[in-house]
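Participant: Attaching a predicted model along with its sequence, questions to come.
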Amino acid sequence: MKFKKAKASVFFCHIHLAMGWCSKDQVIIDLKTNTNPIRTYLHELLHLEHPTWSETRILKAERRIWKKMTHEEIFLLGKRLFSRKFERWEDDIG
Ligand SMILES: [Zn+2]
């Protein structure tokens, strides 16, 4: 599974009533309320890859891809998520 937008900047902060958020080439993930930040990262990458898709379509794709992913693929996606300098978003969202 390849994501062209996987180079997006990732920030971490609290997001009210959501686990992740993205815009253009930025992804924000709430690590405190989130039990599966790697899956949330996958979800947000899908939004970046397919900006015109509805939330329902993204959720369906996320479920389908996550189900098929091997432990190694999940590990590598997690490595991609966390192999970066920690950057906190300036404000909490929402
Ligand atoms: Zn979404």
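Facilitator: Nice, I can see it.

Participant: ok, residue 53 to residue 10 distance?
Facilitator: 20 Å (CB to CB, to the nearest Å). Where C-beta positions appear, they are placed from N, C-alpha and C, glycine not excepted.

Participant: should've said residue 3
Facilitator: 13 Å.

Participant: got it, and residue 28?
Facilitator: According to CB to CB, residue 28 stands 7 Å off from residue 10.

Participant: Okay, now the sheet partners of the helix or strand bottoming out on mean pLDDT in the chain, with direction.
Facilitator: None of the helices or strands of the chain scores lower by mean pLDDT, DSSP states H and E than strand 20-23, at a mean of 91. Strand pairing for strand 20-23, using DSSP bridges, gives strand 26-29 (antiparallel).

Participant: in the partner strand, what's buried?
Facilitator: 27, 28, 29 (16 or more other CB atoms under 10 Å).

Participant: quick one: the helices in the chain?
Facilitator: 37-49, 55-68, 71-82 (DSSP state H).

Participant: Find the centremost residue of the chain, please.
Facilitator: residue 41 (1.8 Å; CA atoms, centre = their mean).

Participant: Give me the pLDDT value at that residue.
Facilitator: Per-residue confidence (pLDDT) for residue 41: 96.

Participant: Use 829 as the first number for this chain going forward.
Facilitator: Renumbered: residue one is now 829, and that last one reads residue 869.

Participant: pretty sure it contacts residue 848?
Facilitator: Yes: because the distance of 7.2 Å satisfies CB atoms under 8 Å, residue 869 is recorded as touching residue 848.

Participant: Counting neighbours, what do you get for the closest residue to residue 862 other than its chain neighbours?
Facilitator: Of all residues not flanking residue 862 in the chain, residue 847 sits nearest, at 4.4 Å (CB to CB, 6 or more residues apart in numbering). For residue 847, the neighbour count with other CB atoms under 10 Å is 20.

Participant: Got the phi and psi for residue 847?
Facilitator: The phi and psi values for residue 847, taken as degrees, to the nearest 10, are phi -100, psi -20.

Participant: right, and it touches residue 866 too?
Facilitator: No: at 11.3 Å, residue 847 does not count as touching residue 866 under the criterion of CB under 8 Å.
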